[in-house]
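**Q** Kindly generate the corresponding structure for this input.
(one chain, ligands or ions: 1)
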Amino acid sequence: MSALLAIEGLTVAYGAVPVVRDASLAVAAGEVLGLVGESGSGKSTLGMAVLGLLDPAARVEAGRIMLGSDDLLALPPASRRPLCGSTIALIPQEPMAALNPTLRIGRQLDLVLRQHGKGNAGARRRLAEDALASVMIADPPRILASYPFQLSGGQLQRVLIALAFALGPKLIIADEPTTALDMSAQGAVLDLLVSRARDEGAGVLLISHNLPLVRRYADRVAVMRRGAIVESGMAADVLAAPRHAYTSALIAALPANTPQRTPLPVPEV
Ligand SMILES: Nc1ncnc2c1ncn2[C@@H]1O[C@H](COP(=O)(O)OP(=O)(O)OP(=O)(O)O)[C@@H](O)[C@H]1O
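**A** Residues are numbered from 1 along each chain as shown. Next comes the predicted model:
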């Protein structure tokens, strides 16, 4: 399978400190790549670099981020900006933080759809209702009339998934997308995200601490340690028979029989 996203030799630093170091990985269309590693290993920084949403303090020191035949890092800002949110979508950890608390959901969806040129007000309303129905939210008109605080975390994450797919993304960066959800909502949200992505041929970069969750949803996995990719391969193989001591330590740090918990900090290896 040819790569939809190919990151080649990416190095990103905050000040003098590189936090992503010569990292390379690829995601094919319709594929889920799990990116795992302990807190602070550089996963989100890598994801934000793909989205073009790095903190202003961050500097890309080397590498290429190829989306198809375009090097995103070489595109002028005016060409790159419209890709964020449409061709490349973010499903964030905290859905509440991605929404404006003072605006009804319908108004917020309409603003984004309008910004991306999706027809007149009537067409956008139909598109928003259809998008919500497609993520199996009951009673889309009620959801559109609600404020974010009136919905559960799982419902809000479905709203963001609906919005992402309404814009026809090729690549989805899901950064700890279920960490803020209760256990019962976690599986439902990931089932939905991954099945929609596969149906529509979108690639997913699934950033997560949660190894059991990555084992369940990812086709392949890349393991990040201190900014470097130390191991990658088919998720089932890497997580069943890791070759790198750091991956073994991550797996060993999982509390037995509590598969959804965040792993404890791993020991030095
Ligand atoms: N804006 C920033 N300024 C300075 N350093 C930062 C900034 N954002 C992140 N860092 C540092 O960069 C390193 C990588 O952070 P990053 O958030 O990418 O890791 P992560 O693997 O996603 O961690 P987590 O799972 O906790 O989100 C960390 O040492 C972090 O403290």
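
**Q** Contact residues of this structure facing the ligand?
**A** 14, 19, 37, 39-45, 55, 57, 209 (C-beta under 6 Å from any ligand atom). Quick note: C-beta positions are derived from backbone N, CA and C, even for glycine.

**Q** Show me which of these are buried.
**A** 19, 37, 41-45, 209 (16 or more other C-beta atoms under 10 Å).

**Q** what ranges do the helices span in this protein?
**A** 43-51, 77-80, 95-98, 105-115, 121-134, 140-144, 153-166, 183-200, 211-217, 235-240, 245-252 (DSSP state H).

**Q** now those as JSON lines including mean pLDDT and distance to residue 70?
**A** Below are the helices of the chain laid out as JSON lines (pLDDT from 0 to 100; distance: least, C-beta to C-beta, whole Å):
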{"stretch": "helix 43-51", "mean pLDDT": "96", "distance to residue 70": "12"}
{"stretch": "helix 77-80", "mean pLDDT": "88", "distance to residue 70": "8"}
{"stretch": "helix 95-98", "mean pLDDT": "89", "distance to residue 70": "25"}
{"stretch": "helix 105-115", "mean pLDDT": "94", "distance to residue 70": "21"}
{"stretch": "helix 121-134", "mean pLDDT": "93", "distance to residue 70": "27"}
{"stretch": "helix 140-144", "mean pLDDT": "95", "distance to residue 70": "35"}
{"stretch": "helix 153-166", "mean pLDDT": "91", "distance to residue 70": "20"}
{"stretch": "helix 183-200", "mean pLDDT": "90", "distance to residue 70": "20"}
{"stretch": "helix 211-217", "mean pLDDT": "92", "distance to residue 70": "27"}
{"stretch": "helix 235-240", "mean pLDDT": "92", "distance to residue 70": "28"}
{"stretch": "helix 245-252", "mean pLDDT": "90", "distance to residue 70": "32"}
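
**Q** In a markdown table, list the buried ones among the residues of the chain next to the ligand along with distance to residue 251.
**A** Formatted as a markdown table, those follow (distance: C-beta to C-beta, whole Å):
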| residue | distance to residue 251 |
| --- | --- |
| 19 | 24 |
| 37 | 12 |
| 41 | 15 |
| 42 | 20 |
| 43 | 17 |
| 44 | 22 |
| 45 | 24 |
| 209 | 12 |
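
**Q** picking up where we left off before, just the residues of the chain next to the ligand now: which is nearest residue 159?
**A** residue 44 (21.8 Å; C-beta to C-beta).

**Q** ok, for the closest one, nearest residue in space, not its chain neighbours?
**A** Closest residue to residue 44 apart from its sequence neighbours, by C-beta to C-beta, 6 or more residues apart in numbering: residue 175 at 5.6 Å.

**Q** cool, residue 46 as well?
**A** residue 20 (5.2 Å).

**Q** residues contacting the one you found?
**A** Going by C-beta atoms under 8 Å, 6 or more residues apart in numbering, residue 20 touches 10-12, 42, 45-46, 49, 227.

**Q** Of these, just say which sits nearest to the ligand.
**A** residue 45 (3.3 Å; C-beta to the nearest ligand atom).

**Q** Isn't that closest one up against residue 12?
**A** Yes - counting by C-beta atoms under 8 Å, residue 45 sits close enough to residue 12 to count as a contact (5.5 Å).

**Q** what sits in contact with each of these two?
**A** 19-20, 54, 58.

**Q** quick one: which of those is nearest to residue 154?
**A** Closest to residue 154, out of all of the shared contacts of residue 45 and residue 12 and judged by C-beta to C-beta, is residue 54, at 29.1 Å.
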